[in-house]
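Q: Structural data only, the sequence is not supplied:
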Ligand SMILES: O=C(O)CCC(=O)C1=CC=C[C@@H](O)[C@@H]1C(=O)O
Ligand SMILES: [Mg+2]
C-alpha cells in the first residue's frame, strides 16, 4: 500500500456485465429502513458490494464504487490477525425489545446502542441503554447518536448515560467543531466519555480534518464510504488515532471488506461494528458473516463465505425497474471516478497514482 498506488477501474460494459442487484429484508428497522438494496459485482478477485444509501449523491456514492471494485478486481491486503472481535448493534428499538435484538448476535463483549433517534427522548435512550446493561452487566457499552443531538443535548444526555459506563460516544453532534465543543465541555464537567467521529470522517471532504482538529478520541472507519480497504488503512495511518471498523449495513459481501480492513489494521483496540449481518433477515451467501462467539473470521474463510449463492441472488433479485435505477447509478458513479482521474476507466490493471480521495 502506498500513496502512489493507482486503483483498478474496469470499463463500464465490464462492470455492468458483472452486476447483480438484490434487496434483502432486515429483522428490525435500522437507520429508518427495513430492507437493504445492493448492487453486487463479480470480478476476477471475488465479489464487491456497491450499496450507498439511496439518498446519497453520486460524488459520495462513487467512493462506495471504488470500494466494490477494489474487492472484486484487486482483492484485499494481507491480514495481520485471523479473527476480528465484533460488537452487537442495538437499533433505536423500545427497551422491551433489547433482549431479543441482543440474542441475535450471540455472546459479545461490546454493544453499540443507537440513541438520539428523531421523535425519541433522552429518557428513551436511557431506558434502552439500561436494558442492555441489565442483559450484559460487563459488556463495553457505546452509544451512537449519528449527530442527532445539539451540543447542550449531548452534554445532558451523556451526563445521564455515563453512569452506565460508556466506552465512547459516537458522533453525538454533527460536524467537527461540534464534536470538539462537546469533548471540551464533557472534560470541563468531569464526565469521562470518549468521543468517536463517524460522519465527521466518512462524509467529510477531508477525512483527516477531524484528527487535525483534535475533535475526537477515536475514529470510526467503514471500508465502502471511505473508498475501499486500502484507502481506509491510509486514513487510519494518517489520522494517528485509534480506529473502530464498522459496517455500512452491508450483506456478507460488503461485510467481508470491513472484516478485511479490521484484519489488516496494525492495531485493533476496539470490537468492530461488523456484526450487523445479524440484523439481516436474509443474506445472499449460504453461510452469512454473523458473529460466532463474538468474532468474525478473516483470511481464506472470509473470501469463501462471502461468495454469493446463485440461487439466493436470484431469489433476492430486484425487479427490472430497480435494476435499471442501480445500473444508472453505477454509470454515473463510474463517470465520477473517471472524471476524478481521467487516465482511469478503460483499463483493468493498476499502474500509477489514482488520486481518488475518500471521505
Ligand atoms: O457500528 C455498528 O455497530 C454497526 C453499523 C452502524 O451503526 C451503521 C451502519 C450503517 C450506517 C450508519 O448509520 C451506522 C453508523 O452510524 O455507524
Ligand atoms: Mg455511526
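A: Nice, thanks for sending it over. These numbers were taken from a predicted model, which means no experiment stands behind them. Ligands and ions are numbered 1, 2, ... in the order given.

Q: and the helix or strand where residue 253 lies, what does it pack onto?
A: Residue 253 is part of helix 252-264 when elements are defined by DSSP states H and E. Applying 3 or more C-beta pairs under 8 Å, 6 or more residues apart in numbering; DSSP states H and E, one finds that helix 252-264 contacts strand 33-43, strand 46-50, strand 83-85, helix 229-239, strand 243-245, strand 295-297, helix 300-305. Heads up, the C-betas are built off the backbone N, CA and C, glycines and all.

Q: The next helix or strand after the third one pairs with which strands?
A: Translated: strand 83-85. Remark: after strand 83-85, the chain's next helix or strand is strand 88-90, criterion DSSP H and E. Under the criterion DSSP bridges, strand 88-90 sits next to strand 110-114 (parallel) in its sheet.

Q: Can you name the residue of this structure nearest ligand 2?
A: Using C-beta to the ion, the single residue of the chain nearest to ligand 2 is residue 198, 3.5 Å away.

Q: Quick check: closest non-adjacent residue to that residue.
A: Excluding the flanking residues, the one nearest residue 198 by C-beta to C-beta, 6 or more residues apart in numbering is residue 220, at 4.0 Å.

Q: Identify the residues contacting the host helix or strand of that neighbour?
A: If you go by DSSP H and E, residue 220 is part of strand 218-221. Here strand 218-221 makes contact (C-beta atoms under 8 Å, 6 or more residues apart in numbering) with 168, 170-171, 194-198, 201-202, 210-211, 232, 235-236, 239, 241-246, 261, 270, 273.

Q: re earlier: tell me the contacts of the residue of the chain closest to ligand 2?
A: Neighbour list for residue 198: 144, 146, 170, 171, 219, 220, 246 [criterion: C-beta under 8 Å, 6+ apart].

Q: change it to 7 Å
A: Residues in contact with residue 198, defined by C-beta atoms under 7 Å, 6 or more residues apart in numbering, are 170, 171, 220.

Q: what does stretch 141-160 contact?
A: Around stretch 141-160, the neighbours that count as contacts under C-beta under 7 Å, 6+ apart are 111-118, 122, 125-126, 129, 132-133, 161, 164-174, 178, 181-182, 185-186, 191, 193, 199.

Q: quick one: average confidence on it?
A: Average pLDDT, stretch 141-160: 98.

Q: got a list of what residue 333 touches?
A: With C-beta under 7 Å, 6+ apart, residue 333 has these contacts: 58, 61, 62, 65.

Q: separation between the nearest residue to the first one once chain neighbours are set aside and residue 223?
A: So that's residue 58. Leaving aside its chain neighbours, residue 58 sits nearest to residue 332 (4.6 Å; criterion: C-beta to C-beta, 6+ apart). From residue 332 across to residue 223, the span is 21 Å (C-beta to C-beta, to the nearest Å).

Q: can you check residue 101 too?
A: Remark: distance between residue 101 and residue 223 (C-beta to C-beta) = 24 Å.

Q: okay, these two: which has more neighbours?
A: Neighbour comparison, residue 101 and residue 223: the larger count goes to residue 223, with 37 against 23 (by other C-beta atoms under 10 Å).

Q: Which of the three states applies to that one?
A: Secondary structure, DSSP: H, G, I helix; E, B strand; the rest coil: residue 223 is coil.

Q: Pretty sure the residue nearest to residue 58 sits in a strand.
A: No - counting by three-state DSSP, one finds residue 332 to be helix, located in no strand.
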